[in-house]
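Engineer: Mind folding the following:
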Amino acid sequence: QVHLVESGGGLVQAGDSLRLSCGASGLTLSLMTMGWFRQAPGKEREFVGVSAWSGGTYFADSVKGRFTISRDNAKNTVYLQMNGLKPEDTAIYYCAAKAPTSNAEYRYWGQGTQVTVSS
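Structural biologist: Prediction:
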């Protein structure tokens with residue numbers, strides 16, 4: 001059985017940094033494309049960034065230049081480093097995994113971790 005677990009969320013002030021972690025059991029993350037998504041209150045879930053299994057990354061314009069994704073394959077963990085946080089980054093953040101093929105959908109999701117940025 002596959003489980004993704006996010007951690008690292010919290011309450012921070014604008015301009016601060018946070019690093020979210022996404023660990024897995026039952027799944028080798030180094031073989032997967034890993035995405036990060038977020039959902040703010042009253043809004044639909046939105047794409048934040050993606051890390052391809054090959055190492056490339058891509059980010060939404062709203063976070064480009066502030067957020068990065070890295071992997072620690074030995075720990076089977078993917079990280080979302082968030083710098084220069086803004087109040088509009090407040091949301092529940094989710095990691096998700098999918099097969100590294102062009103038409104794959106995100107099959108596995110974590111339960112989410114809350115990030116709150118105060119002004």
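
Engineer: Now the helix or strand hosting Val12: average pLDDT?
Structural biologist: Taking DSSP states H and E as the criterion, Val12 maps to strand 10-13. Strand 10-13 comes out with an average pLDDT of 98.

Engineer: Same check on stretch 56-74?
Structural biologist: On average, stretch 56-74 scores 97.

Engineer: For it, give me every contacting residue.
Structural biologist: 29-30, 34, 36, 46-51, 77-85, 88-89 (CB atoms under 8 Å, 6 or more residues apart in numbering). All C-beta spots, glycine's among them, are computed from the backbone N, C-alpha and C.

Engineer: Look up which residues are beta-bridged to Ala97.
Structural biologist: Met34, Tyr108 (DSSP bridges).

Engineer: shouldn't it be in contact with Arg107?
Structural biologist: Yes - assessed by CB atoms under 8 Å, Ala97 is found in contact with Arg107 at 6.8 Å.

Engineer: still on that earlier bit, gap between the strand holding Val12 and the chain center?
Structural biologist: Strand 10-13 has its C-alpha centroid displaced from the chain centroid by 17 Å (CA atoms, centre = their mean, to the nearest Å).

Engineer: Just list what that strand packs against, helices and strands only.
Structural biologist: With contacts taken as 3 or more CB pairs under 8 Å, 6 or more residues apart in numbering; DSSP states H and E, strand 10-13 sits against strand 113-118.

Engineer: From the contact counts, what lies against the strand it packs on?
Structural biologist: So strand 113-118, by 3+ CB pairs under 8 Å, 6+ apart, packs with strand 10-13, strand 18-25, strand 91-98.

Engineer: neighbour count winner among Ala97 and Arg107?
Structural biologist: Ala97 (25 against 12; other CB atoms under 10 Å).

Engineer: contacting residues for the more buried one?
Structural biologist: Val2, Leu4, Ala24, Leu27, Leu29, Met32, Thr33, Met34, Gly35, Tyr106, Arg107, Tyr108.

Engineer: Distance check, it against Gly35.
Structural biologist: Going from Ala97 to Gly35 by CB to CB, to the nearest Å gives 8 Å.

Engineer: Give me the pLDDT for the residue nearest the centre of the chain.
Structural biologist: A centroid search over the chain (CA atoms, centre = their mean) returns Trp36, at 3.0 Å, as the residue closest to the centre. Note on Trp36: pLDDT of 98.
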